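Engineer: A predicted structure for the sequence below; I have some questions about it.
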Amino acid sequence: MSDGNMRPDGPGANTAGGAGRQTAVVVGGGLAGSTAALALADAGLDVTLLEGRPRLGGLAFSFKRGDLTVDNGQHVYLRCCTAYRWFLDRIDGTALSPLQERLDVPVLDADRNRLGRLRRTALPVPLHLAASLATYPHLSLAERANVGRAALALKGLDLGDPALDERDFGSWLAEHGQSRRAIEALWDLVGVATLNAVAGESSLGLAAMVFKTGLLSEPGAADIGWARVPLGELHDTLARKALDSAGVRTELRTRVTSISRTENGRWSVEVPGERIAADTVVLAVPQRETYDLLPDGALDDAERLLAIGTAPILNLHVVYDRKVLKRPFFTALGSPVQWVFDRTEASGLTEGQYLAVSQSAAQDEIDEPVAVLRERYLPEFERLLPAARGAKVLDFFVTRERTATFAPAPGVGALRPTARTNAPGLYLAGAWTATGWPATMESAVRSGVSAADAALAALDRPRGHLFREAA
């Protein structure tokens, strides 16, 4: 396609420093891309957001199944997720995704038929968890004491030490006196859900970041929040409304085929039928798609992006004809079931109960047939929830995200690129980039903040007030 088809006006066309405003194109409409687009628009740029799917939200989205509105998977965030909380505030979604007043996690041991709780008090760190740990029934007295000692050792680790990224968390825990039961009943209970890997397959650097930030920084840092509405209402509907209000031109079902430098040093973003000119481009797409779109020389050793592994998440959805779970959620031990959430009200179900089950680190089950999963898990629900034993299953279905997150394996930190590239005006965003966080909604938003921050600094543009708070 010739340069004669490049848009001569509108978003993405005016030249920097000329009579028009500086322009940016953001490729990808997940949380990273939406964040970058909002931040750039709030700073005064003309922004075009291009998304190949028919919706925004990336891998945190909703869809219709009959009368139900279903999330592809259960997503949560913590009080320490300051960037995602900024995003919720920016799209007017905070009230729709509230936080617990205080951390309180019901933990049900299926083998022993015993319920325990992980909860905090208002005491300062680390005393805020002391009472809960002292009475946690799933560990012996000696195991609880050893957990406390390991937590203090973890608190003393320097997150800036690159050597942590080369070690696995499981071996570190074993060296610090953690039994297999302690790893299962506590460390993996949190770690698998946040890292999408068991301790033995997780980078010590990422695991230390999760536990130090979430459990050992501020008393309320690990308080859990989750959407009480479908995720699409937040990440698509409200995000699109905020983007529209900010003046962002959002184009869905628009896949970028290439990006290249023009003779005048700007960027040309090619989509079917046109080329869009821009001063700044943010690539906010998965690492393999980023690799395919990167111009030569934009990254040193760009092949390292292909070395970043991926990890799956399996989600089971069960609709009962009656209420079988009284709590909003729980997590299980001694069972293949991990975390279970009540999504009845959020889905629009008016009779019965709809439970969503999130199964992280699901490499062994991600391709199992639905019939096999149904036969395996429905008896587990009956074992965990006595009220389910006489209930009728109205629906059982599965959603699969085979590349849900990057794999947090030892060494991954050296593979994750920063927002800046070697090409002036080209920036990277995505939960897989070097945010310091595992692949979470928080990491995605932080990456969008970082990419916009780098772009605005290069353009010598100030950042908006809320954006400064998120950064």
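Structural biologist: That came through, no problem.
Engineer: Which residue ranges of the stretch 51-200 of the chain form helices?
Structural biologist: 82-90, 130-134, 141-155, 169-175, 180-182, 188-195 (DSSP state H, counting those that start in this stretch).
Engineer: who touches the first one?
Structural biologist: The reference is to helix 82-90. Contacts to helix 82-90, defined as CB atoms under 8 Å, 6 or more residues apart in numbering, come from residues 31, 34-35, 38, 77, 79, 94, 96-97, 234, 242, 440-442, 444-446, 449, 466-467, 469-470. C-beta coordinates here come from the backbone N, C-alpha and C atoms, glycine included.
Engineer: gap between that helix and the chain center?
Structural biologist: Centroid separation for helix 82-90 versus its chain: 13 Å, with CA atoms, centre = their mean, to the nearest Å.
Engineer: Kindly report the same for the fifth one.
Structural biologist: Between the centre of helix 180-182 and the centre of its host chain there is 27 Å, according to CA atoms, centre = their mean.
Engineer: Tabulate the helices of the stretch 51-200 of the chain (a markdown table), appending mean pLDDT and distance to residue 420.
Structural biologist: Shown next, in a markdown table, are the helices of the stretch 51-200 of the chain (pLDDT from 0 to 100; distance: least, CB to CB, whole Å):
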| stretch | mean pLDDT | distance to residue 420 |
| --- | --- | --- |
| helix 82-90 | 98 | 18 |
| helix 130-134 | 94 | 42 |
| helix 141-155 | 96 | 31 |
| helix 169-175 | 98 | 29 |
| helix 180-182 | 97 | 41 |
| helix 188-195 | 97 | 26 |
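Engineer: Tell me which of these sits nearest to residue 254.
Structural biologist: helix 82-90 (22.6 Å; CB to CB).
Engineer: quick one on the thing from earlier: what about the helices of the stretch 51-200 of the chain, which gets the closest to residue 435?
Structural biologist: helix 82-90 (8.8 Å).
Engineer: Buried residues, that closest one. List them.
Structural biologist: Buried residues in helix 82-90, counted by 16 or more other CB atoms under 10 Å: 82, 83, 84, 85, 86, 87, 88, 90.
Engineer: Same question for stretch 88-107.
Structural biologist: Result for stretch 88-107 [16+ other CB under 10 Å]: buried residues 88, 90-91, 93-94, 96-97, 99-100, 102-107.
Engineer: remind me which residues of the stretch 351-471 of the chain are low pLDDT?
Structural biologist: Counting by pLDDT under 70, the stretch 351-471 of the chain has low-confidence residues at 464-471.
Engineer: quick one: the helices in it?
Structural biologist: Assigned by DSSP H, counting those that start in this stretch, the helices in the stretch 351-471 of the chain fall at 370-384, 441-459, 465-470.
Engineer: Likewise for the stretch 201-350 of the chain?
Structural biologist: For the stretch 201-350 of the chain, the helices defined by DSSP H, counting those that start in this stretch occupy 204-215, 231-232, 239-245, 287-293, 344-347.
Engineer: Residue 125: which of the buried residues of helix 82-90 is nearest?
Structural biologist: Taking CB to CB as the measure, residue 125 sits nearest to residue 82 out of the buried residues of helix 82-90, at 17.1 Å.
Engineer: Including distance to residue 326, could the helices of the stretch 51-200 of the chain go into TSV?
Structural biologist: TSV is the format used below for the helices of the stretch 51-200 of the chain (distance: least, CB to CB, whole Å):
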stretch	distance to residue 326
helix 82-90	27
helix 130-134	21
helix 141-155	27
helix 169-175	33
helix 180-182	27
helix 188-195	21
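Engineer: Can you tell me which of those is nearest to residue 208?
Structural biologist: With distances scored as CB to CB, the stretch of those nearest to residue 208 is helix 141-155 (5.8 Å).
Engineer: Between helix 204-215 and that closest one, find me the angle.
Structural biologist: 100 degrees (axes from the mean of the first three to the mean of the last three CA atoms, to 10 degrees).
Engineer: In helix 141-155, which residues are buried?
Structural biologist: Going by neighbour count (16+ other CB under 10 Å), the buried part of helix 141-155 is 143, 144, 146, 147, 150, 151, 154.
Engineer: who does it touch, helix- and strand-wise?
Structural biologist: helix 130-134, helix 180-182, helix 204-215 (3 or more CB pairs under 8 Å, 6 or more residues apart in numbering; DSSP states H and E).
Engineer: wait, which of those is closest to residue 58?
Structural biologist: Evaluated with CB to CB, the helices and strands packed on helix 141-155 place helix 204-215 nearest to residue 58, the distance being 20.4 Å.
Engineer: tell me the angle the closest one makes with helix 188-195.
Structural biologist: Going by the same axes, to 10 degrees, helix 204-215 makes 110 degrees with helix 188-195.
Engineer: Show me what helix 204-215 packs onto, helices and strands only.
Structural biologist: So helix 204-215, by 3+ CB pairs under 8 Å, 6+ apart, packs with helix 141-155, helix 169-175, helix 188-195.
Engineer: okay, these in CSV with distance to residue 65 next?
Structural biologist: Output for these, formatted as CSV (distance: least, CB to CB, whole Å):
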stretch, distance to residue 65
helix 141-155, 41
helix 169-175, 37
helix 188-195, 24
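Engineer: Which one, of those, ends up nearest to residue 432?
Structural biologist: With distances scored as CB to CB, the stretch of these nearest to residue 432 is helix 188-195 (13.4 Å).
Engineer: And the closest one, how far out from the chain middle?
Structural biologist: Put simply, helix 188-195 sits 13 Å off its chain's centre (CA atoms, centre = their mean).
Engineer: residues in contact with that helix?
Structural biologist: For helix 188-195, the external contacting residues (CB under 8 Å, 6+ apart) are 76, 107, 118, 169, 197-199, 202, 206-207, 210-211, 214-215, 331, 333, 338-339, 358, 360-361, 408, 438, 440.
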